[in-house]
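Engineer: sequence and computational prediction follow.
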Amino acid sequence: MPLKIKFLGGTKEVGRAAIAVKTDDTQLLLDYGVMVDHEPGFPMHIPPKNVDAIVLSHSHLDHSGAIPIFHIQDGKPVYGTDLCLDIAQLLISDFIHLAGYHLPFEYLELRTMMKKNVHIGFREQQTVGNIGFQLLNSGHIPGAAQILVEIDEKRILYTSDYNTVDTRLLNGADTDYDELQALIIESTYADEDHSDRASLEKGFIEQVTEVVEMGGTVLVPAFSVGRSQEIACVLAAYHFEHPVVIDGMARKVNRIMMNHTGYFRDPQLFMNAIHAASWVDGWRDRRMAAKKPGVIISPAGMLKGGPAAFYIQKVGKKKENAVFLVSYQVPGTPGRELMERGRCVIDGKMRRIKARIGHFDFSSHCGATELQDAVKKLEGNPTVYVVHGADGNCTRFARWIKQEVGLKALAPKAGDVYEV
């Protein structure tokens, strides 16, 4: 039976991930995300009546943010892990609140989407029409998955965003795939490696401890989902004895994650870390935290908003304090400006920050070496489709796969259709 893959978004770019997998009588969507910029960018349109179900790899908006489009007229089933779908509800709700004016859906469609959720665990075989699929741990953020699609003898794996390295928070991705006919792989960091995890953690703890023991406050701007919890776990694992404060949406995410501790590498460490931290409860707490020696973990990870935008105004003014960035900083964001030029907006003006500035590469994606190793280990003779990479990374990685591994590899563009 012919199986077609159509790339609708996330090709030669990072954002609006969306892939359609189709046989003669069944069509599944793997993710349907948005490009979160000044105005949301959507993947290519696909008529909802032609879609049988959506399988969501993880909750980040660039993979989940446009799914409510399929719930305007009628509801399509949305498959994912329980944790993924619970966090997606929180993130999409916040997205509607911030960008509602630009969106073709509202809270009502999100509610319909949530009613149509189908919770599945890792390695649980599912079937829609004549397409079978299962989710495999992706090691990216809690509850995140790779999607393995099976029809007749054909097996296609979509890695989505994934990380094969164990972190404090999560086990690395499940890479026990057996033989594949096609692989759709991300290439976010196809051109660079990440720091060794153990030395990264050690360096981070040493610098944080040094600042706090000298009476300073450390602001750690961090993504609400995954990174905030990982930083809390790193501090707990090293028995950091000073105050740790968690603020912003990370608090709501913590509450959701506390009901799903089975996804964590060390559930006890996670619970200890979350209980050891104080959760900010309003502006009084916020102002107090900014004055006291300790660590403040707060979104937004790139300083584009959230309480971190308030904290930087206070923490940034004093040289005994520090701002330690622990996420990738997209060009053009306040975080990138801070990292490269040591300045940011304080009291309405662009000013130099007096606090110490550091960047620690706590990535939740594979680096170049892990991506290359993953392709080298593949069984069978699959065609590799490279997606989710900016600045030429998709094309570059596809070329490397052809030359070094000898597999057929392509960097598709939006609208391209391939038959497996």
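Structural biologist: All right, it came through fine.

Engineer: roughly how far does the residue nearest in space to the middle of the chain sit from Val225?
Structural biologist: Nearest to the geometric centre of the chain sits His60, at 5.1 Å (C-alpha atoms, centre = their mean). His60 sits 7 Å away from Val225, going by C-beta to C-beta, to the nearest Å. Bear in mind the C-beta positions are built from the backbone N, C-alpha and C, glycine included.

Engineer: what sits against the residue nearest to the centre of the chain?
Structural biologist: Residues near His60 by C-beta atoms under 8 Å, 6 or more residues apart in numbering: 33, 91, 141, 161, 225.

Engineer: rerun at 10 Å
Structural biologist: 15, 17, 31, 33, 36, 84, 87-88, 91, 140-141, 144, 160-161, 223, 225-226, 364 (C-beta atoms under 10 Å, 6 or more residues apart in numbering).

Engineer: same question, Glu230
Structural biologist: Here Glu230 is in contact with 141-142, 167-170, 201, 222-223, 270, 273, 297, 326, 362, 364 (criterion: C-beta under 10 Å, 6+ apart).

Engineer: what's the domain layout of this structure?
Structural biologist: Annotated domains of the chain cover 4-192+364-419, 197-359 [automatic domain parsing].

Engineer: straight-line length of the first one, end to end?
Structural biologist: Pointing back at domain 4-192+364-419 there. With C-alpha to C-alpha, to the nearest Å applied, domain 4-192+364-419 spans 4 Å between its terminal residues.

Engineer: wait, Gly415 sits on Lys12?
Structural biologist: No: under the criterion of C-beta atoms under 10 Å, Gly415 makes no contact with Lys12, lying 11.8 Å away.

Engineer: the residue nearest to the centre of the chain and Cys366, how far apart?
Structural biologist: On the measure of C-beta to C-beta, His60 and Cys366 end up 16 Å apart.

Engineer: what of Ser278?
Structural biologist: The separation that Ser278 has from Cys366, given C-beta to C-beta, amounts to 34 Å.

Engineer: Gln126 too?
Structural biologist: 26 Å.

Engineer: look at these two and report which has more neighbours.
Structural biologist: Cys366 (30 against 15; other C-beta atoms under 10 Å).

Engineer: wait, is the more buried one part of a helix?
Structural biologist: No: per DSSP: H, G, I helix; E, B strand; the rest coil, Cys366 lies outside any helix segment and is coil.

Engineer: strands paired with the lowest-mean-pLDDT helix or strand in the chain, and their directions?
Structural biologist: Least confident helix or strand, the chain: strand 343-346 with a mean of 86, by mean pLDDT, DSSP states H and E. Strand pairing for strand 343-346, using DSSP bridges, gives strand 349-352 (antiparallel).

Engineer: top of the contacts of Glu230 by neighbour count?
Structural biologist: Going by other C-beta under 10 Å, Ala222 tops the contacts of Glu230 with 29 neighbours.

Engineer: my read is that it contacts Ala232, right?
Structural biologist: Yes: with contact defined as C-beta under 10 Å, Ala222 counts as touching Ala232 (9.1 Å).

Engineer: overlap in contacts, the two.
Structural biologist: Contacts common to Ala222 and Ala232, judged by C-beta under 10 Å, 6+ apart, are 246, 250, 297.

Engineer: and of the residues you listed, the nearest to Leu136?
Structural biologist: Ala250 (26.6 Å; C-beta to C-beta).

Engineer: what residues does the spatially closest residue to that closest one that is not a sequence neighbour make contact with?
Structural biologist: Among residues not flanking Ala250 along the chain, Ser228 sits closest, at 3.8 Å (C-beta to C-beta, 6 or more residues apart in numbering). Ser228 sits next to 220-222, 246-251, 253-254, 274, 277, 297-299, 301, 326-327 when contact means C-beta under 10 Å, 6+ apart.
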